[in-house]
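*Asks:* 3D model of this:
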Amino acid sequence: MHEVAPELQCLFSGKIFKSLESNLEYMRVHYSFSIPQGEYCNDKAGLLTFLHQKIRAGHQCIYCDAGFETEEACRKHMLDKNHTRIGTEGRSRTGAYSEEATKELQAQLAPFYDYAASFRDLNNISENDREAGNCKRQK
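*Replies:* So this is what the prediction gives:
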């Protein structure tokens, strides 16, 4: 039996799908899973593969980054705590916001994103405002 491509397998139930899109839709409906800032995610298959490895090999929650002894314990935690989404803000053990943990989570996700389009969009808006005479003169 050949191994299933990670992007075709639900992160939480193990259910297998024929396409990445049907897997993402299933996880969205059943687990409220979504890819944050999905419009800038340029490697969804790679991101899902990374998340599978985080759960399977690292036994780490994809939301809070907590580590567990087993993959099963990790999945149980994620389902019990509704940690079925990708964490983008890190927290300390007491639940307080942690800038260091946030930077670590964001660094883990960075290889799967390209924000160049957002800069182009901002530049286009700026140019359109100038052309429309909407720019305020700086004093």
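
*Asks:* flag the shaky bits of the chain, pLDDT-wise.
*Replies:* Judged by pLDDT under 70, the chain has its weakly predicted residues at 1-2, 120-139.

*Asks:* how about a cut-off of 90?
*Replies:* Scanning the chain for pLDDT under 90 picks out the ranges 1-4, 91-95, 115-139.

*Asks:* so where do the helices sit in it?
*Replies:* 20-31, 44-56, 71-80, 99-109, 116-132 (DSSP state H).

*Asks:* got the buried residues for stretch 109-120?
*Replies:* By neighbour count with 16 or more other CB atoms under 10 Å, stretch 109-120 contains the buried residues 109, 112-113. Just so you know, the C-beta spots here come from the backbone N, C-alpha and C atoms, and that holds for glycine as well.

*Asks:* try stretch 52-71
*Replies:* 52, 54-55, 59-66, 68.

*Asks:* endpoints of that stretch, how far apart?
*Replies:* 10 Å (CA to CA, to the nearest Å).

*Asks:* pairing partners for Tyr97 in the sheet, please.
*Replies:* Arg91 (DSSP bridges).

*Asks:* my read: it touches Lys103, true?
*Replies:* No. Using CB atoms under 8 Å, Tyr97 is not in contact with Lys103; the gap is 11.8 Å.
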